[in-house]
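Chemist: Need the 3D shape of this:
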Amino acid sequence: MKRVTIIVAVGSLLVSLIVAAQPAPTGPEARDMALVGFNDLQGRSAYQPVIREQNGRFILYVGHHGGTEKTAKPVNALTGAPEFNGTSILDVTDPHAPRYLVHIPGEEGLAEAGGAQMVRVCGTRDGGIKGDPNKFYLLRTFGNAAHEIFDVTDPSAPKLVARIGPLGGTHKNWWECDTGVAYLVSGASGWRTRRMTQVYDLSDPAHPRFIRNFGLAGQEPGATGDVPTELHGPISTGPKGNRVYFGYGTNKNGMVQIVDRQKLVNGPAEPTPDNLRAPEVGRLLLPPNAGAHTAFPMLKLNVAEFAQDQGGGVRDFVAIVDEELVNECQEPRQMLWIADITSEARPINVSTWTVPEASGNFCSRGGRFGTHSSNENMTPIYYNRILFLAHFNAGVRAVDVRDPYRPREIAHYIPAVTANTDPRCVTVNGANRCKTAIQTNNVEVDDRGYIYIVDRANTGLHILELTGAARAIANFPR
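Modeler: Now for the predicted structure:
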C-alpha cells in the first residue's frame, strides 16, 4: 500500500500528514450473516442502539457520540437544520427499509464531551412504569451534564418530561422496566471518581425519586488513599434475579462486581465504606491490561459436557467484554472473557476469545481492532446460545457460547466503508497517519432475531440476519 505525505500550513507551522492510500471499497466481508437493511444515521458517530416493540411497530433508538471538528453539526435531513449529535429514532418494522423518524439534539460538544451516547426505553405495559398503559419513555444521557427522560409514545414527536442533573459525567445506564428502578452512571459532586452509580426510582418518569449513591469503597466523599477504578456500566436482572452486575475499568484494571439488588436498593443510603460493601456478593479482578466495559450475565446455562457429572451441568456465567481504546493495536488486545460465577463469592475465568489478527490483517487496516461491547438484549432466540460482539474494524462477530469453556465464532459481518466513514489516525515519527476503516461500536438484537450494528466512524446502521449453519444454532420459533 502506498503512502502519500501532505504538507499543510497551520498558522505559522508546517505539519506533515501521512495518508495511507486506500483501495476502493470492494464491499462487505461476511460469513453466515447477511445485510437486510441500512441507514446512514445522518453521518453521525453512533454508540448505543436499543430496540423496542411499540404497539405493533419496532422502534430503534440510537445514542450518538459528539461529532468531530469536521462533523460537529451534521444536517438533519428532516428539518434542514445543522444539529449537534444526540439521539436518532427509526422505525424498523420493515427491517429492509428502516425509516428515520426524528433526531433529538444532544449536548453541544465533540466526541466524548457532547452528544447523548446512552439510551434505554421502558413502557407502562412492562409493569414498572405508572400511568397510561400505552405510554413509552426514553431515558438518555445528555452529554456529561445530565440524564433526560422523554415521552416517546409517539416516537416521531418525543417530549421532554424530566431532567436529572447537573452532573459531571454520565455513561452506560440500566433501567429496570419491570420496577422502574434505574442505575444511572453519573459523576456526582464530591465523589472521588469520574463515574459512579446513582440509583433512582423512575416508575413515575415525570417525577424521578432519588434512592442512593453507590460505588466502590474508597470512591465516596471524604475517603482517602488510592481511588478504585471507575465504573463503566451495570446490568440488572431485576427483583427476580436479585443481582446487578457492575463492570469497572473499560480497558485496564478491570473488575466485575456482583451485587445483591435488594440490599442495594433497600439498604442504608449513607455512602459509608460499610454501607457500600454490604450489597456486594462477589467480585472478579481482571489483569491490569484488561477492563470490563460490559458484564453480561449468562445464567442457568446448561453445559452439555457436564450433564452426567455429579451436580449436573447447569451453571452461571458472566461474559465480560472490554473496550479497545487505541488505534492500530497500540495497546494490549481487548477481548471477551467468560467467567464461571456459579460460586458467586469465588468467580473464576474459564475462557477468552478474540478475532485472530492474521485472519484479516486487522492491525494494519486502521482504527481500533479489539472488542467494544456485546448485545444486551436477552431474547430467547439467542440467550445462552449466541453472543454478538462489536469488534471495531473486524465488524460484528457471532460467538457460540453454549459451551462457555470453548467459545467459537460461527458468523461475522464487516460492512464496507462509505463516503461518510471518518478516518482514524495514529502518530508515527511525529506525523499523523490516517486510515479509513469500519468501526463497529455496538450491537443489539430483537425478538425477531434481527441484528443491529452501529458505527463509531459515522458509517451508519446495518441491520443483519444469520444465515446457513449459524442460523441453525439460534432458537427461532418453529
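
Chemist: Double-check residue 184 against residue 170; I have them as touching.
Modeler: Yes. Between residue 184 and residue 170 there is a contact under CB atoms under 8 Å: 7.3 Å. (Each C-beta comes from the backbone N, C-alpha and C, glycine too.)

Chemist: wait, what's in contact with residue 166?
Modeler: 145-146 (CB atoms under 8 Å, 6 or more residues apart in numbering).

Chemist: mind redoing it with 6 Å?
Modeler: residue 145 (CB atoms under 6 Å, 6 or more residues apart in numbering).

Chemist: Tell me the secondary structure at it.
Modeler: Following DSSP: H, G, I helix; E, B strand; the rest coil, the label given to residue 166 is coil.

Chemist: was I right about residue 106 contacting residue 113?
Modeler: No. Counting by CB atoms under 6 Å, residue 106 stays clear of residue 113, with 10.6 Å between them.

Chemist: Those two: which has the busier surroundings?
Modeler: residue 106 (27 against 13; other CB atoms under 10 Å).

Chemist: Now for the more buried one: which residues touch it?
Modeler: 84-86, 115-116, 143.

Chemist: Give the buried residues for stretch 75-82.
Modeler: Neighbour-count burial for stretch 75-82, with 16 or more other CB atoms under 10 Å as criterion, is recorded at residue 76.

Chemist: Could I have the CA atoms of it written out in CSV?
Modeler: Only the C-alpha atoms of stretch 75-82 are listed here, as CSV (Å, rounded to 0.1, in the frame of the first residue of the first chain):
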residue,chain,number,x,y,z
VAL,A,75,-27.5,18.5,8.9
ASN,A,76,-30.8,16.9,10.0
ALA,A,77,-32.2,15.9,6.6
LEU,A,78,-35.7,16.0,8.1
THR,A,79,-35.6,19.7,9.1
GLY,A,80,-32.6,21.1,7.0
ALA,A,81,-31.0,22.4,10.3
PRO,A,82,-27.5,21.5,11.5
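
Chemist: which residues touch that stretch?
Modeler: 73, 83, 103.

Chemist: Could you identify the buried members of those?
Modeler: 83, 103.

Chemist: Check which helix or strand the residue nearest to residue 450 when sequence neighbours are not counted maps to.
Modeler: Closest residue to residue 450 apart from its sequence neighbours, by CB to CB, 6 or more residues apart in numbering: residue 95 at 5.2 Å. Following DSSP states H and E, one finds residue 95 outside all helices and strands.

Chemist: dump the residue contacts of residue 95.
Modeler: Applying CB under 6 Å, 6+ apart, the residues contacting residue 95 are 36-37, 450, 463.

Chemist: which one of the residues you listed has the most neighbours?
Modeler: Busiest of those [other CB under 10 Å] is residue 463, holding 22 neighbours.

Chemist: Does that one lie in a helix or a strand, and which?
Modeler: strand 461-466.

Chemist: what does that strand contact?
Modeler: Contacts of strand 461-466 (CB under 6 Å, 6+ apart): 33-34, 36-39, 41, 95, 411, 413, 415, 450-454.

Chemist: to the chain's geometric centre, what's the distance from that strand?
Modeler: 17 Å (CA atoms, centre = their mean, to the nearest Å).

Chemist: got it, and stretch 348-360?
Modeler: With CA atoms, centre = their mean, you get 19 Å for stretch 348-360.

Chemist: Okay, the residue lying closest to residue 287 once chain neighbours are set aside and residue 140: tell me how far apart.
Modeler: Using CB to CB, 6+ apart and skipping the chain neighbours, the partner closest in space to residue 287 is residue 254 (7.9 Å). Counting by CB to CB, to the nearest Å, the separation of residue 254 from residue 140 is 26 Å.

Chemist: Quick check: which element contains residue 47?
Modeler: With DSSP H and E as the test, residue 47 turns up in strand 46-54.

Chemist: Hmm, residue 237 is touching residue 244, no?
Modeler: No. Contact between residue 237 and residue 244 fails when scored by CB under 6 Å: they sit 7.5 Å apart.

Chemist: Between the two, which is the more surrounded one?
Modeler: Using other CB under 10 Å as the criterion, residue 237 and residue 244 rank with residue 244 on top: 28 against 15.

Chemist: partner residues bridging the more buried one?
Modeler: residue 236, residue 259 (DSSP bridges).

Chemist: Residue 349 now?
Modeler: Here residue 349, judged by DSSP bridges, has bridge partners residue 339.

Chemist: how about low-confidence regions in the stretch 251-400 of the chain?
Modeler: Scanning the stretch 251-400 of the chain for pLDDT under 70 picks out no residues.

Chemist: Find the residue closest to residue 351 in space, skipping its chain neighbours.
Modeler: That would be residue 338: by CB to CB, 6+ apart, it lies 4.7 Å from residue 351.

Chemist: Let me see the contact set for the one you found.
Modeler: Residue 338 neighbours (CB under 6 Å, 6+ apart): 317, 319, 350-351, 404.

Chemist: Narrow those to those that are buried.
Modeler: Counted by 16+ other CB under 10 Å, these give 317, 319, 351, 404 as buried.

Chemist: Closest one of the residues you listed to residue 122?
Modeler: Among these, residue 319 lies closest to residue 122 (CB to CB), at 23.7 Å.

Chemist: about what we covered before: dump the helix or strand following the strand holding residue 47 to CSV, keeping only the CA atoms.
Modeler: On the C-terminal side of strand 46-54, the nearest following helix or strand under DSSP H and E is strand 57-65. What follows is strand 57-65, C-alpha atoms only, in CSV (Å, rounded to 0.1, in the frame of the first residue of the first chain):
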residue,chain,number,x,y,z
ARG,A,57,-44.1,-1.3,15.5
PHE,A,58,-40.5,-2.0,16.1
ILE,A,59,-38.7,1.3,17.0
LEU,A,60,-34.9,1.6,17.2
TYR,A,61,-33.3,4.2,19.4
VAL,A,62,-29.6,5.1,18.8
GLY,A,63,-27.4,7.2,21.1
HIS,A,64,-24.7,9.2,19.5
HIS,A,65,-21.2,10.4,20.5
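
Chemist: Direction included, what does strand 57-65 pair up with?
Modeler: Short version: by DSSP bridges, strand 57-65 pairs with strand 46-54 (antiparallel), strand 86-91 (antiparallel), strand 115-116 (antiparallel).
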